[in-house]
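J.: The sequence isn't on hand, but the structure is:
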């Protein structure tokens, strides 16, 4: 890979320091909220906290530390970070049900205001599976089929902005597909399934395009390795999404007698 990395050492260290503080804050905040609300309401499941801590850890590994540094010089390393930050971390965090915990933590008047915001029309548009898929998959096409990819390695601000988008779009896509957390705007299983299949197809088409036409500044061997990682690595997270969606679909349509001994995911 022959990209010219012009991040200054001071800027990079400052950004890493800010990210680490933010990660530590998120690590501590969730367990504290879970413990505090468990004293007032039904006990918060411990496995939810495990999902949260795992999701924060996976996301942090993608942007801070050895893997993040490796990703500056290696396209496969960058692609691994993309899979962790944009797919696995959002899935783990959604399974932790952070919005449900937030509403349990807030006072009733504040929780009602948050609920009104969640019910707003802009949020309905953003959580529409088609919109979420366009932001998620469309953003990746824009990143790898334009000069944006090499440009982000020459601008710290652009680098941070793109990584924020990758995570945010991945999280939005996940909550639009599987209703694990508070979800005021719900769409049919058929609609979500169709959009999910189209999004997965778009992801695979892009990985094949990267294999054939490497992004600017990426040598072919690294592009091929990164494309294979994107193609097969994404399948693992996609499979979990499909399983959860189908399981929820089954629970919603199966006779009640078949559900007595089953527990929701």
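T.: Cool, the structure landed. These numbers were taken from a predicted model, which means no experiment stands behind them.

J.: what residues does stretch 96-115 touch?
T.: With CB atoms under 8 Å, 6 or more residues apart in numbering as the test, stretch 96-115 has contacts from 30, 33-34, 36-37, 40-41, 44, 48-49, 51-52, 55, 118, 180-182, 184. Every C-beta, even on glycine, is put in place using the N, C-alpha and C of the backbone.

J.: Mind checking which of those are buried?
T.: Buried members of these, scored by 16 or more other CB atoms under 10 Å, are 30, 33-34, 37, 44, 48-49, 51-52, 55, 118, 180-182.

J.: Pull the most distant pair out of those residues.
T.: The largest separation in the buried ones among the contacts of stretch 96-115, counting by CB to CB, is between 49 and 118 at 22.7 Å.

J.: what helix or strand is residue 41 on?
T.: Assigned by DSSP states H and E, residue 41 belongs to neither a helix nor a strand.

J.: Return the distance of it relative to residue 105.
T.: Residue 41 is 10 Å from residue 105, where distance means CB to CB, to the nearest Å.

J.: quick one: low-confidence parts of the stretch 101-250 of the chain?
T.: By pLDDT under 70, the stretch 101-250 of the chain has no low-scoring segment.

J.: the helices in the stretch 51-200 of the chain, which residues?
T.: 66-71, 75-83, 89-95, 98-105, 108-118, 121-126, 129-144, 148-152, 156-177, 189-212 (DSSP state H, counting those that start in this stretch).

J.: gap between residue 164 and residue 152?
T.: 12 Å.

J.: Looking at the two, which one has more neighbours?
T.: residue 152 (19 against 12; other CB atoms under 10 Å).

J.: where's residue 112 relative to residue 185, distance?
T.: Relative to residue 185, and taking CB to CB, residue 112 is found at 17 Å.

J.: With neighbour numbers in mind, choose between the two.
T.: More crowded of residue 112 and residue 185, by other CB under 10 Å: residue 185, with 16 against 12.

J.: Just name the closest of the buried ones among the contacts of stretch 96-115 to residue 24, please.
T.: residue 30 (11.8 Å).

J.: and that closest one, what does it touch?
T.: The contact partners of residue 30, taken as CB under 8 Å, 6+ apart, are 49, 52, 53, 96, 98, 101.

J.: List phi and psi for residue 65.
T.: phi 110, psi -160 (degrees, to the nearest 10).

J.: What is the burial count for it?
T.: Residue 65: 13 neighbours (other CB under 10 Å).

J.: can you offset everything so residue one is 52?
T.: Sure, I'll start numbering at 52, so the last one becomes residue 116.

J.: So it versus residue 251, what's the distance?
T.: From residue 116 across to residue 251, the span is 30 Å (CB to CB).

J.: related to what we said a few turns ago, the contacts of residue 81: which two are farthest apart?
T.: 104 and 152 (13.2 Å).
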